[in-house]
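1. Here is my input; please provide its structure:
(2 chains)
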Amino acid sequence: MSSGGGGSSEPSGVKKTSKRPKYSRFTQQELPACKPILTPSWVILTFLVAGVVFIPLGVICLFASQGVVEIVDRYDTDCVPESSRANKVAYIQSEGNKMCNRTITVTKTMKHPIYVYYQLENYYQNHRRYVKSRNDAQLRSPREENDVQTCAPEDNVAGHPIVPCGLVAWSLFNDTYQFSRNSEKLPVNKKDISWKSDRDSKFGKNVYPKNFQSGAPIGGGTLDPKKPLSEQEDLIVWMRTAALPIFRKLYGKIETDLNAGDTIMVLLENNYNTYSFNGEKKLVLSTTSWLGGRNDFLGVAYLTVGSICLFLAVTFSVLYLVKPRQLGDPSYLSWNRSPGG
Amino acid sequence: MKRFVYINDDEASKELSCDNRISNTKYTLWNFLPKNLWEQFSRFMNQYFLLIACLQLWSLITPVNPASTWGPLIFIFAVSASKEAWDDYHRFLSDKKANEKEVWIVKQGIKKHIQAQEIQVGNIVWLRENDEVPCDLVLLGTSDPQGVCYVETAALDGETDLKTRVIPSACVGIDLELLHRMKGVLECPVPDKDIRRFDANMRLFPPFIDNDVCSLTIKNTLLQSCYLRNTEWACGVSVYTGNQTKLGMSRGIAEPKLTAMDAMIDKLTGAIFVFQIVVVMVLGVAGNVWKDTEARKQWYVQYPEKAPWYELLVIPLRFELLCSIMIPISIKVSLDLVKGLYAKFIEWDVEMVDQETGTASYAANTAISEDLGQVEYILTDKTGTLTDNKMIFRRCCIGGTFYGNENGDALKDAHLLSAITSGSTDVIRFLTVMAICNTVIPVRGKAGDIVYKAQSQDEEALVIAAARLHMVFVGKNANFLEIRLNGSTIRYEVLEILEFTSDRKRMSVVVKDCQDGKIILLSKGADESILPYACAGQQTRTITEAVEHYAQLGLRTLCLAWRELEEDEYLEWSVKFKEASSVLVDREWRIAEVCQKLEHDLYILGVTAIEDRLQDGVPETIEILRKAGINFWMLTGDKQNTAIQIALSCNFISPEPKGQLLLIDGKTEEDVSRSLERVLLTMRTTTSEPKDVAFVIDGWALEIAVKHYRKDFVELAILSRTAICCRVTPSQKAQLVEILKSCDYRTLAIGDGGNDVRMIQQADIGVGISGREGLQAARAADYSIGRFRFLKRLILVHGRYSYNRTAFLSQYSFYKSLLICFIQIFFSFISGVSGTSLFNSVSLMAYNVFYTSVPVLVSVIDKDLSEASVMQHPQILFYCQAGRLLNPSTFAGWFGRSLFHAIVVFVITIHAYANEKSEMEELGMVALSGCIWLQAFVVAQETNSFTVLQHLSIWGNLVGFYVINFLFSAIPSSGMYTIMFRLCSQPCYWITMFLIVGAGMGPIFALKYYRYTYRPSKINILQQAERTGGPILTLGNIETQPRTTLEEEVSPLSIITQPKNRSPVYEPLLSDSPNATRRSFGPTGTPLEFFQSQSRLSSSSSGYSRNCKDN
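-> Residues are numbered from 1 along each chain as shown, chains lettered A, B, ... in the order given. Now for the predicted structure:
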């Protein structure tokens, strides 16, 4: 106030005070309000209801999860010949045939579509250096081809921009799987394994790989330079970086049912190096449910929370019966014995 | 330092070259940006945010887009800058209006119309009736033949009465023509801001015959912003212009006051900052270790073998940026916003409108509402604050005879009336003094009635009473007064006025009776400043008794005296007086000395007794606030007895035997020391007795006590809940405030007059009563209210709510920031401690600014208890005073809650979205949604009363979150493209959200219920009682029950150690030692130290009921 007014004719403060304030429920802080109070009955009821809702939900989730048939086959060590196991890294980096045969037995009938995933463990796709090393604009449009400055160290090869640039693309997973049942080939559908939105608008239809994996060192898989990026679905899947160090990525879909007891032969090409960092590679065949893949966590968590709620409801009821307290009992309000007198 | 102003001489005054342009603006167009930015960046928090924002420009370390910090930062800066700009623009406009106002000046004898800003020092300015004075002028001539004019100074000092201004003696009798061509020189002090002093001299140049030096006082000036009234025209020479005027100099930007809460929030911010640094260092080290052991093996990361020199710093800096949101950037803006609203609520409150004058309360300082809830001491003025300041003459004692003792109204006392008709000399003289020994101006109203314009309420009461007793003060014509007594007219010429000062405590006039030419000195003043100068023979015993008697009735007394002067004596003295009046240095003191020479051998006529009624509701207000644990000190310039009497009648102190008054007096150091010792001893021993003990001290003893026995006095101040300090000067009032503040008490000073201004400014909170003594106090104050009784609403309702709301808002702000930050930290452990952000830039930016700020803002209309309950149980204020709702332990509760919620969100998210679902963008959004859901429920759970607005903002915000994210998900180029649509179509997402809410809120809810029911705080109990409509209303006994004794309050210390007060989350977890929380932000710091400091103060620390009031 001291700063205002000044040379003007009326001191602002004085002028304001003479105005009578208008009455409204808001200005008087008298808006009608609901003031809930935590009565024992309400609280016990709430916990009871929560328990009653959570436990069946947990059961449903568990059922959904249990209904999913999942076959996991870890092959990273087994696919290295006994002789090379002492130095797996050297093996994987060496030239030559790295084919490997795996046999999977189907324990339960699997309805199609059966999703084929590869699972990597101890693989940090979420590492800051890795996550940042890509350029979405370049993937989308050929005009942004030279926009590679965020892609270091995989940005240029001999002065020419790499398309797609960056560590993420460079480290593309390149193991391949071929399935056969009773020596009859099981086709793997590799179409539509990526997000439609990615194909449509994140990866350009007229962007073609350039200078990819042409420098040293070579990271992961290569790309067909004739195919536009929007059709390179393995790349699209791979570029959706995982947030956790254990993750699965879709390899393809098997469009036929598998019966219990079927033996599936997998001919896989073991190319990808997870040995240098003790990473694991797994092949996963899985059906799906409305909740997704096999994951008991939600069901168990719901059951736990639900039982805790029930437990609390019972505890509070017992407490209420054993030690009833009258709410707002004035005898607790003795100012003369208490603070604030 | 002096300045010389040459009248009407542009050349000579050039060196002062200063036009009358007023500028109140803080900025110019050019310096606005740099100056404003500089100001904003002088705050620590802003520096911090700027540093973070700058670090983010380094793309190697920034976890997210720099926009996520720059956006909010720029937004927040823009908000405060535009507010400043807006205010400044309005100041500019009002300046412009004042500057471009047309005024008349006289140049070379010709009247000219110019703009106010073109006035130069030395110009003669010509004003007409009702004109505003454009700059500080020395009066040269007026339309009144005697050279008097009237001004209204309301804009300057807030006093609404008219004041007389006279032309200097040298200018008397100069005609209009000559006036316009007048030349001369003024010797005046350099510009200052004292609006009561102007010690200058003037010499006119030939052709003016009287070219002696003529002294000037404030009475000869017209100051900027005053209005000319009741005078046809006036003209004067400008001496100070523009920003150098008295008004301009007294302007200044008040130091912003910091509330205890702000200090606490700053402290907590500091703690969080330290925590952040620790986290950053730990993660930084971990990150570097991981990098060297693990990341080098992760070939796909391609860590270069050779690293630049700053390699080691990169990871810690990344974490610093990642953790920077721990300190919420929005807290400052949110707090400013809600504080503004608190202030508005005070101004809007119709229950705090003075019905009589229609004056609403006004909050000049919008930033300190929370402090109102934490007041521990109220220092109050008496006159005009506790009382109405409507003075009514009730009784008098003339020559030993008491009038008005029977019916309580001397005006109706038949004896007095008959004495007047019979013409008793003493009585007539008494009435004469009443009627003319003053500075009152009678103004004839339209109907022929006489209205008195007085600066002092007492004088007005006396003049009015005299008129009712047939001694009518009819008119004042320059120096001639007209009195009508029973039909005959008596004329007096005023020779000299010996003005009232607070040091002299008396005033006198020297008049000449125009009939017989006798020169008479008429005096009135306080008894102790009149009685010592009584003439030798007079017995003053009856007078003293009368004064005592009246004071006991709570009346204000004035002694009236009279002396006839010899002509020579007067003339001789008059020369000295003139001399003293024209000195430039120490004028006031010199005048007082000269006055003393005349005011002796007085014949004491008698005593007047004036009643000053208590304001409505004062006793109740004091009682309620007392119950709320607030201590009252009364500081008054009035007499001891009067003060005690008023104190008794307004519940300030209790009468014997319940109360006990301890007197500290003495004229010498030893006396005071002994007295102080005695009182202290009694205090220490009586603290265990059920008694209200108060001490009374007068100004003199206070001076000695504070100067020489400050330690003892401070101890006394701590011990005593009540004190009456009488006869204290304005600076002593301020000193007392300062003493209490130095003991780390929150003080509130309330007063109405100019003498309270210093105390009001000194106190943590200054409250002014916009009363009859002018608006000075109200203008200096942080809050101005119409009546004293509004104070209880101001403190108990507005102060308390403000405190509670800010406590929630600030802690919640930290909670939500910590929540998201903890998740980032957890995530870093599964992302190779590399500093990856789980959330995308948009989310991080919007989280603090949009998603979480709206619901919490609505807490400004949350009410934990109804106003009625608070009024019924004012003791509940204790929670605010002791800082129970915002302190390190409540904060620890919120900290724990955010940690727990972060764990819940993180664990559930990474497990529910494991394996094939673990896509980065999706996982980030799931975690963010979890946070938003939880925070909505947390706000809902902490809200005490839901109005439409609360529902709208809490649930509306949740909907808003989805709307905003759908929008972002629809932009193909954004990283979030289609993410939210995908998530919302998955049942898994909703089931996860439900689980997060259940798992996050269940335990918190259970804990709250448990505390609410089995370990309730007093607030909870009242809530329960109020909402069940239960037995609270029958609790009248607690209400009416007399104030519980100190003894009972303290004794059951056992209560304190019981877990009874183990608190809900936002109560101190350590509440078994409330002292600790109460004092935790005091200078002593820890509770232990506090107790030590207590025992340092007194050997008998057991008796510290005063401190233990917080137990």
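2. Please, which helix or strand holds A:Y320?
-> Using DSSP states H and E, the secondary-structure element containing A:Y320 is helix A:297-322.
3. which other helices and strands contact that helix?
-> Using 3 or more CB pairs under 8 Å, 6 or more residues apart in numbering or on different chains; DSSP states H and E as the contact criterion, the secondary-structure elements in contact with helix A:297-322 are helix A:40-66, helix B:888-912, helix B:987-1014. Heads up, the C-betas are built off the backbone N, CA and C, glycines and all.
4. Any residue of the lengthiest helix in chain B touching chain A?
-> Ranked by number of residues, the top helix in chain B under DSSP state H is helix B:67-99. Yes - if you take CB under 8 Å from any CB of the partner chain as the test, helix B:67-99 does meet chain A, through B:87, B:90-91, B:94-95, B:97-99.
5. coming back round to it: quick check: angle from the helix holding A:Y320 to helix B:987-1014?
-> What separates the directions of helix A:297-322 and helix B:987-1014 is an angle of 20 degrees, with axes from the mean of the first three to the mean of the last three CA atoms, to 10 degrees.
6. Tell me the buried residues in helix A:297-322?
-> When burial is assessed from 16 or more other CB atoms under 10 Å in any protein chain shown, helix A:297-322 yields the following buried residues: A:297-299, A:301-303, A:305-306, A:308-310, A:312-313, A:316-317, A:319-320.
7. where do the strands sit along chain A?
-> When secondary structure is read from DSSP state E, chain A shows strands at A:70-74, A:99-105, A:114-121, A:156-157, A:160-161, A:176-181, A:184-186, A:188-189, A:247-254, A:263-269, A:280-286.
8. Please identify the residue most distant from the middle of chain B.
-> B:W299 (66.5 Å; CA atoms, centre = their mean).
9. distance of that residue from chain A?
-> For B:W299, the distance to chain A under the criterion CB to the nearest CB, to the nearest Å works out to 6 Å.
10. Not counting sequence-adjacent ones, nearest residue to that residue?
-> Leaving out its chain neighbours, the residue that sits closest to B:W299 by CB to CB, 6 or more residues apart in numbering or on different chains is A:S276, at 5.5 Å.
11. Now do the helices in the stretch 151-300 of chain A.
-> A:167-170, A:196-197, A:233-239, A:297-322 (DSSP state H, counting those that start in this stretch).
12. Tabulate those in JSON lines, adding columns for distance to B:L57 and mean pLDDT.
-> Formatted as JSON lines, the entries for those read as follows, by distance: least, CB to CB, whole Å; pLDDT from 0 to 100:
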{"stretch": "helix A:167-170", "distance to B:L57": "23", "mean pLDDT": "91"}
{"stretch": "helix A:196-197", "distance to B:L57": "31", "mean pLDDT": "90"}
{"stretch": "helix A:233-239", "distance to B:L57": "27", "mean pLDDT": "92"}
{"stretch": "helix A:297-322", "distance to B:L57": "40", "mean pLDDT": "94"}
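13. follow-up on the earlier one: and the strands of chain A: which comes nearest chain B?
-> Closest of these to chain B is strand A:247-254, at 4.2 Å (criterion: CB to the nearest CB).
14. Let me see the contact set for residue 224.
-> If you meant another chain, say so; for now it's chain A. Shown in contact with A:D224 (CB atoms under 8 Å, 6 or more residues apart in numbering or on different chains): A:209, A:232.
15. Oops, wrong one, chain B.
-> Under the criterion of CB under 8 Å, 6+ apart, the contact list for B:Q224 reads A:7, B:133-136, B:156, B:240, B:245-248.
16. Apply 7 Å and report the result again.
-> By CB atoms under 7 Å, 6 or more residues apart in numbering or on different chains, B:Q224 lies in contact with B:133-136, B:245-247.
17. follow-up on the earlier one: of the helices and strands packed on helix A:297-322, which is nearest B:I110?
-> Of all the helices and strands packed on helix A:297-322, helix B:888-912 sits nearest to B:I110, with 73.3 Å by CB to CB.
18. What are the buried residues along the following helix or strand past that closest one?
-> Once helix B:888-912 ends, the next helix or strand along the chain (criterion: DSSP H and E) is helix B:920-942. By neighbour count, with 16+ other CB under 10 Å as the criterion, the buried positions of helix B:920-942 are B:920-940, B:942.
19. Just checking the distance from helix B:920-942 to the centre of its chain.
-> From the chain centre to the centre of helix B:920-942 is a distance of 42 Å (CA atoms, centre = their mean, to the nearest Å).
20. now the angle from it to helix B:987-1014?
-> Using the same axes, to 10 degrees: helix B:920-942 against helix B:987-1014 is 30 degrees.
21. Can you name every helix or strand that helix B:920-942 contacts?
-> Using 3 or more CB pairs under 7 Å, 6 or more residues apart in numbering or on different chains; DSSP states H and E as the contact criterion, the secondary-structure elements in contact with helix B:920-942 are helix B:800-829, helix B:853-857, helix B:888-912, helix B:948-969, helix B:979-984, helix B:987-1014.
22. just those: most buried one?
-> Sort those by mean neighbour count, taking mean count of other CB atoms under 10 Å in any protein chain shown, and helix B:800-829 sits at the top with a mean of 25.
23. what's the angle from it to helix B:987-1014?
-> Taking the same axes, to 10 degrees, helix B:800-829 and helix B:987-1014 form an angle of 140 degrees between their directions.
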